[in-house]
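K.L.:
okay, predicted coordinates and the sequence, questions at the end:
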Amino acid sequence: MMDDEYLPGYVKENYEVYDRFTFDYLFKRLLADGYDHEDARDIVMCNCALSTLVLQERIHNEYYLEICVGDTIAPDLLQMYREEFIKAVYNQN
């Protein structure tokens, strides 16, 4: 476990990682700070509370290896956003 004194503030502020958006945000910040994918994964896993969804979709499926600093939004999250947007706009009752 990383010494809390040296833990980046944004990790301390977002220690509850229950959704993929938060995971991706933290992961990209760690990559931008110079950590490699394995170190960033370890920091998040050791210092954050992760949901089952995040563990499955990002860690177990190794999606974290595809995350890059320059990515705006993950393709799976963009697809989910589009589907929900279409439902909201076109399925109004």
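P.N.:
Perfect, thanks for sending it.
K.L.:
from now on I want contacts and neighbour counts done on CA atoms only, so please keep to that.
P.N.:
Fine.
K.L.:
separation between Pro8 and Asp33?
P.N.:
Pro8 sits at a distance of 9 Å from Asp33 (criterion: C-alpha to C-alpha, to the nearest Å).
K.L.:
mind checking which of these two has more residues around it?
P.N.:
Under the criterion of other C-alpha atoms under 10 Å, the comparison of Pro8 against Asp33 puts Pro8 first, with 15 against 12.
K.L.:
distance-wise, check that one relative to Glu66.
P.N.:
Going from Pro8 to Glu66 by C-alpha to C-alpha gives 22 Å.
K.L.:
burial count for Ala32?
P.N.:
By the criterion of other C-alpha under 10 Å, Ala32 has 13 neighbours.
K.L.:
ok, the closest residue to it other than its chain neighbours - contacts?
P.N.:
Across the structure, with C-alpha to C-alpha, 6 or more residues apart in numbering as the measure, the residue nearest Ala32 apart from its sequence neighbours is Val69 (6.0 Å). Counting by C-alpha atoms under 8 Å, 6 or more residues apart in numbering, Val69 touches Lys28, Arg29, Leu31, Ala32.
K.L.:
let's verify Val69: helix, strand, or coil?
P.N.:
Secondary structure, DSSP: H, G, I helix; E, B strand; the rest coil: Val69 is coil.
K.L.:
measure it to Thr52 for me?
P.N.:
Distance check for Val69 against Thr52: by C-alpha to C-alpha, it reads 24 Å.
K.L.:
and Leu77, by the same measure?
P.N.:
Separation of Leu77 from Thr52 (C-alpha to C-alpha) stands at 16 Å.
K.L.:
which helix in the chain runs the most residues?
P.N.:
helix 75-90 (DSSP state H).
K.L.:
CA-only coordinates of that one in CSV, if you can.
P.N.:
What follows is the C-alpha trace of helix 75-90 in CSV, where atoms were taken according to Å, rounded to 0.1, in the frame of the first residue of the first chain:
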residue,chain,number,x,y,z
PRO,A,75,-15.8,3.7,-26.2
ASP,A,76,-17.9,1.5,-23.9
LEU,A,77,-19.1,4.5,-21.9
LEU,A,78,-19.7,6.6,-25.0
GLN,A,79,-21.9,3.8,-26.4
MET,A,80,-23.8,3.6,-23.1
TYR,A,81,-24.3,7.4,-23.1
ARG,A,82,-25.6,7.3,-26.7
GLU,A,83,-28.1,4.4,-25.9
GLU,A,84,-29.4,6.3,-22.9
PHE,A,85,-29.7,9.6,-24.8
ILE,A,86,-31.7,7.9,-27.6
LYS,A,87,-34.0,6.3,-25.1
ALA,A,88,-34.5,9.6,-23.4
VAL,A,89,-35.1,11.6,-26.6
TYR,A,90,-37.1,9.1,-28.7
